[in-house]
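Participant: please work out how this folds:
(2 chains)
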Amino acid sequence: MIASPARTSWTSLSTLKVTAATVLLLTGIAPALAAEGGPDATISVGSLYEPQNLDNTAGAGQGINEAFNGNVYEALFRLNDDGTVSPSLVKDYKVSDDGLTYTFTLQPGVTFHSGEPLTSADVKWSIERVTSPDSKSSRKNSLKPIASIETPDDATIVIKLSSRSISLPYNLSYVWVINDAAKDLQSTEDGTGPYALDGWQRGAQLAVKRFDKYWGPKPENGEVVFKYFTEATALNNALLTGAVDVITSVQSPDSLAQFKDNPDFTVAEGKSTTKLILAYNDRVAPFDNVKVRKALARAVDDNKLLEAVWGDYGTLIGSFVPPTDPWYVDLTKVDAYDPDSAKALLAEAGYPDGFTFTIDTPNYDPHPLAAQFLQGELAKVGVKVVINVITANEWYTKIYKAHDFQATLQEHVNHRDIVFYGNPDFYWGYNSPKVTDLIKASEEAKTVDEQTEKLKEANVQIAEDAASNWLYLYPQIVVSKTSVSGYPLNGLNSQFFAYGIKKAD
Amino acid sequence: MIRGAAILAYVVRRTAILLVSMLIAAAVLFLLLRLLPGDPANALVSVGADPEQIEAARRQVGSDLPIGAQFVRYLGQLGSFDLGASFVSGVPVLEEIGRRLTLTLPLTALAFVGAILLALPLGILAAVKRDRWYGGVISVVSQLGVAVPVFWIGILLVTAFAVRLRLFPSSGFPTSGWRDPLAALHQLALPIVTIVLVMSASLIRYVRSATLDVMGSDYLRTARALGAGYSEALVRHGIRNGAVPVISILGIELASTLLGAVVVERVFSLPGLGSMLLSGIEQRDYPSVQGVLFVSTLMVLIVGFAADLAQRLVDPRLRGTSGGRS
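Facilitator: Below is the predicted model:
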């Protein structure tokens, strides 16, 4: 990354001349910066994640969740910042005794930004958009149990399932409810949220304005402008100079120092769901051997890595499940750092002299650093690591699709994604019939408690199997001006609910 | 009208060369992009997508077709002046380029003019007063300037004038665009200065050496022998002669200013052509990358053409010749 020099040393006379002249010329015309607070304040949100388009079923990327979830579009249910799920556009709902029929009643008096009223037909259309063959939604598969959607009247939706799906309300929190007459959803919107789109300048910013006919509580501000940056340094400078009020998720730990001890800024740490993992290809030798995987887990001092990357921030994890998931169990003691037993396990597995393997490493932070760290740690137990740097795009082709790898580093951002370990065809190829069954059975559970118990069991099993090497959980750090408050801290699924953000006068 | 006819013939020939160059550039760009590992469909899916979804995405962007078929489709589009639509945003590439150029063109043009205004007097001064201390300083500093990367100057200026002194914004471009020209200029001041500094460094050196050549030339000595003063001789005879090599350098420099703009846009988070190119490459958004490269190649070729033409207009000796720089 580019380091910004603390002191400027002028190298040239011409530099001085021209800058002095330009300064004189242009400072006189600096437009006054509007810095008004209060109930109609404009909140400028700085982010590194510009959406690629405005449609979350068309590969818009995580940026669209940040800008639109809960702000512009609402769903039948809402995934709250604390990880709980509560009704949103649904007023109430009933589940039949066999768990196969869900009957939802919609909130009354809801209008889309276009002025059209919300009806059950819009909901049906919206769900079918996500399950359609063209949909690129990563949540499409979780809606597979839906067998039919009926709309007996304008306020009622009946969803019939082919098998029980205890997560249906949760899964529906990903389905935006959109006016079924809306067109061109890649560049416009028609949702029911507290804000309506007010302009998108590609490559720069996206503005949303308070929607006066919103059915719910009025937002604490009048307008929210998401400003997009490609460089973490540029984003930090924007906050330092007052061009943005808040940064959704700080990705450059080095930069925190300039905000931390400064009374003008607040640094808040929440719990993210982003896990940095070393995923093995569990299909191929030597990673098809549990002992080898456990040995490598014990050979790596995760705490040292986390400290090197994030200092005092972040959390150690013993499996794929972060503390905000209901089935979290503290598993950091399983295969904890112990290089001596790692060596013994390797010998038991038939590799007394170690072996060599390649880690396909995405070319952006923190992966290259983590790869070098692993190289050093594993060398101590006789395992040689070759680092192969690839791009994010290449990762999908080589690893995700072709499974052509030995091991790879990757950050997994999703919430409740332990289910990936129940799919033997997933890129990492973990195949435990017990876990597959548990995860399937958890979805068909009759109660949330039963679901939680089953997933806890699966969670413990993947940890015992050292299915992958879970290095650490990223911190979720939001930095804002001190005058700005009320923003979400955890940012689950990259959501950033803006309606509670207040700016002091 | 022999002179007019000669210039016309020259323009026709150069246009033909331009078209052939464009065709070759299009083919090279097309192939180079597809040599990159990866797939544009990958930008549309995320972890959790199943194989059918990935295949559907590949069908949508056409990356499931053989490369030959893709090329034929691409040529067909170019033939009808259509650069296609972005794979990731669905927006027509030409429309997006047009919007981005409203930032990149003024940025480049202002920086270019600024660099000339700075480099001409300093370059001439460095040559004429090479025995004085400031002549030497200009030479040394411009030499240093050539070695400094653009992004470093950008970061330096941001740290000093945006973060410390708060005189200019650190990044971005107003949504109002050029409707409020003063705000736009204020916002673009640091990026422009960044390019001006880097560009003028090399330009100063060219101007200096061109001036030195002129100063040592026979015709200047002759002019002076015929009674012209030093300044008069330099202005009447020197500038025109010295301009010939400088113009051709300017053509090349304008092209590199455009390149510099790509880096500078990144440093200052400006929504111009450069940021479109870089994000397009990251996402393997072939239509966007091809479109930007195609349009910028066209601009560079046209600038070269214009520089060549300007050279002929300035220097009568070149007019009769049939060969030209290519």
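
Participant: rest of the way, CA atoms for contacts and neighbours
Facilitator: Noted.

Participant: buried residues, the helix or strand of chain B with the lowest mean pLDDT. List them.
Facilitator: Lowest on mean pLDDT, DSSP states H and E among the helices and strands of chain B sits helix B:230-233, with a mean of 78. Within helix B:230-233, the residues that count as buried by 16 or more other Cα atoms under 10 Å in any protein chain shown are residue B:233.

Participant: tell me what that helix is packed against?
Facilitator: helix B:218-225 (3 or more Cα pairs under 8 Å, 6 or more residues apart in numbering or on different chains; DSSP states H and E).

Participant: contacts for the helix it packs on next, please.
Facilitator: B:214, B:230, B:233, B:234, B:237, B:238 (Cα atoms under 8 Å, 6 or more residues apart in numbering or on different chains).

Participant: what packs against the helix or strand following the least confident helix or strand of chain B?
Facilitator: Per DSSP states H and E, helix B:230-233 leads on to helix B:239-267 as the next helix or strand towards the C-terminus. When contacts are defined as 3+ Cα pairs under 8 Å, 6+ apart, helix B:239-267 sits against helix B:93-128, helix B:150-157, helix B:181-215, helix B:273-282, helix B:286-314.

Participant: looking at these, which is buried most?
Facilitator: helix B:181-215 (a mean of 23; mean count of other Cα atoms under 10 Å in any protein chain shown).

Participant: run the contact check for that one versus chain A.
Facilitator: Yes. Helix B:181-215 reaches chain A (Cα under 8 Å from any Cα of the partner chain) through B:182, B:183, B:185, B:186, B:189, B:193, B:197.

Participant: redo these as a markdown table? Include pLDDT.
Facilitator: As requested, the residues of helix B:181-215 next to chain A are exported to a markdown table (pLDDT from 0 to 100):
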| residue | pLDDT |
| --- | --- |
| B:182 | 90 |
| B:183 | 90 |
| B:185 | 91 |
| B:186 | 92 |
| B:189 | 93 |
| B:193 | 94 |
| B:197 | 90 |
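
Participant: closest to residue B:174 among those residues?
Facilitator: residue B:183 (7.1 Å; Cα to Cα).

Participant: now do the helices in the stretch 1-150 of chain B.
Facilitator: B:2-35, B:51-61, B:67-79, B:93-128, B:133-147, B:150-157 (DSSP state H, counting those that start in this stretch).

Participant: the closest residue to residue B:46 other than its chain neighbours: how many residues sit nearby?
Facilitator: Excluding the flanking residues, the one nearest residue B:46 by Cα to Cα, 6 or more residues apart in numbering or on different chains is residue A:138, at 6.0 Å. Here the number of neighbours of residue A:138 (other Cα atoms under 10 Å in any protein chain shown) works out to 20.

Participant: show me what contacts residue A:138?
Facilitator: Applying Cα under 8 Å, 6+ apart, the residues near residue A:138 are B:45, B:46, B:47, B:48, B:49.

Participant: for residue 70, give me its contacts.
Facilitator: All of this refers to chain A. Contacts of residue A:70 by Cα under 8 Å, 6+ apart are A:78, A:193, A:194, A:495, A:497.

Participant: oops, wrong one, chain B.
Facilitator: Going by Cα under 8 Å, 6+ apart, the list of residues near residue B:70 reads B:62, B:63.

Participant: over to residue B:82: give its phi and psi.
Facilitator: phi -120, psi 120 (degrees, to the nearest 10).
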